[in-house]
Every structure is written in C-alpha cells, then in structure tokens.
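S.K.: coords please:
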Amino acid sequence: MTPPKNPRSTADLDQIVGGRVRAKRMQLGMSQELLGNALGLTFQQVQKYEKGANRISVGRLSQIADVLKTDTGFFMKDLSLSNGNGSRSPQEVFMATREGAAIIAAMLDLEPKMQHAIIDMARSLAEKG
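M.R.: Just a heads-up that it's a prediction; the model follows:
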C-alpha cells in the first residue's frame, strides 16, 4: 500500500519556515546583514533561507532562534505534512512585510486599552472597505 500524497511539500514547508524567520527578524528591526553576521553567513544566504530557496537545517534553525530571541517552535508551529493547503496564511505573509512588522512593533508599545481601540477602529474601517 502506498502512503497518501502530502498536500504540503517540503519546499512549501521551507518557504513557510523561511517566511517566519523573515517576519521575526523584521519584527525585531534587524537587517538580513546583521542576522547573517551573527550567524557567520552573508546576507544573501539569509535571503535564500527566508525565501525557502535553501533549506534550514535544525542546527542552523536553533542558531537563528537564539539570535532572534525565540525558540525553534516559533518557526515550526502548526506545520503538518498531512493537512493544510501548502501555503502561508495571509497573516504570516503580512507579518513578513515592512508594514506588518511596523504595526506589530507600534502595537507592542501601546497599553492594552489603546491596542483594543486601534483593533476596533481597524475592524470598522475594514467593514467600510
């Protein structure tokens, strides 16, 4: 009996993990060059990791997690070869943009009451969209 085909390929997973590396790096306001220097890599290699063009080994992912002040689980959460459609969620795509990182950084500097007010305003604007 042959195993069922996985709807999410390893290349898709590489892109998802790489996108999460990018999102976390941008959230911290760190350049690809700075991350590369901390890892002993060029910024081009970091770029390839973030795009999913090159696979990140477990050891390297652990180093990246240390530099980005997170744990490896952040990059691996909700990954499954048996379900999903093989693409990143719209939230993950947005968080990996400069705008997404800027919004996250700004929101973290606000009191919870102000965060809720901004969320309510954004929802209201989206409804009028």
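S.K.: What pLDDT is listed against Met26?
M.R.: pLDDT for Met26: 89.
S.K.: domain ranges for the chain?
M.R.: The record's domain split for the chain, according to automatic domain parsing, is 1-96, 98-129.
S.K.: Rebuild these as TSV, extending it with mean neighbour count.
M.R.: (Each C-beta comes from the backbone N, C-alpha and C, glycine too.) Compiled in TSV, these are given as follows (neighbours: other CB atoms under 10 Å):
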stretch	mean neighbour count
domain 1-96	15
domain 98-129	11
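S.K.: Can you tell me which of those has the worst average pLDDT?
M.R.: Lowest mean pLDDT within the domains of the chain: domain 1-96, a mean of 84.
S.K.: and the residue nearest in space to the middle of the chain, what helix or strand is that in?
M.R.: For the chain, the residue sitting closest to the mean C-alpha position, by CA atoms, centre = their mean, is Arg20 at 1.7 Å. Using DSSP states H and E, the secondary-structure element containing Arg20 is helix 10-27.
S.K.: which other helices and strands contact that helix?
M.R.: If you count contacts as 3 or more CB pairs under 8 Å, 6 or more residues apart in numbering; DSSP states H and E, helix 10-27 packs onto helix 43-51, helix 72-76, helix 90-95, helix 98-108.
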